[in-house]
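> Show me how the following folds:
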Amino acid sequence: AATACASCPGWIECDPASTHHLGGAVTLQSSFVDCGCPFVLPPPLFETGCHIEATGGPPGSFGFFLMSAGSAVSLPIFEGVLCLESPMGRYTSSIATNQGLPQLDSVGQFDASGVLQNLAGTAPSTGGSGFDVPFELPFTPAGQVIQPGDLWSFQLWYRDIDSAGQPSANFSNALIASF
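Numbers count the residues shown, from 1 in each chain. Predicted coordinates:
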């Protein structure tokens, strides 16, 4: 059997994440996906071998993954703390459409047990939860890819409710992965 392509387990920053309106906090975990090594850009450019799960979320809330080359900024935004530095990319349907790459969409919704279920079809390694990180980066200009030796930071942005009961947003902890 082939070995995984990334040392995806990495390490965590901004932990624990800020609590959401139900009192819990969203936690990221990562695992390997056997994509076959050595680290090459297979056609079509898709999975890096890194899978990210998000657990502990408020049931029914929607979210998507962000990524950056840096972390530990600790910028309070909405109900949480953004831990990624600029420039940062979003794995959303608008980015996927703009770049013509459906694998750049990580949009999901937390199920009744607080696990982010992938709504974009970009988590085939688990059958539907979390996100399989693609080689392509969600940055402009299009065509940038993760290279061997790169360090990337990931964080989940998700819908939340503020203390006044109004719609807001929050963030998970941050995961730093080495590729």
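> So what does the spatially most central residue of the chain have for phi and psi?
Nearest residue to the geometric centre of the chain (CA atoms, centre = their mean): residue 65, 3.3 Å. For residue 65, the backbone dihedrals are phi -90, psi 140 (criterion: degrees, to the nearest 10).
> now swap in residue 138 and tell me
phi -80, psi 50.
> mind listing what it touches?
67, 89-92, 95, 99, 104 (CB atoms under 8 Å, 6 or more residues apart in numbering). (Glycine included, C-beta is placed from N, CA and C.)
> swap the cut-off to 6 Å and go again
Residue 138 sits next to 89-91, 95, 104 when contact means CB atoms under 6 Å, 6 or more residues apart in numbering.
> Would you mind measuring from the residue lying closest to residue 106 once chain neighbours are set aside to residue 102?
Of all residues not flanking residue 106 in the chain, residue 91 sits nearest, at 3.7 Å (CB to CB, 6 or more residues apart in numbering). Taking CB to CB, to the nearest Å as the measure, residue 91 falls 11 Å from residue 102.
> So if I had to pick from these two, which one is more boxed in?
Comparing residue 91 with residue 102 by other CB atoms under 10 Å, the one with more neighbours is residue 91, at 27 against 14.
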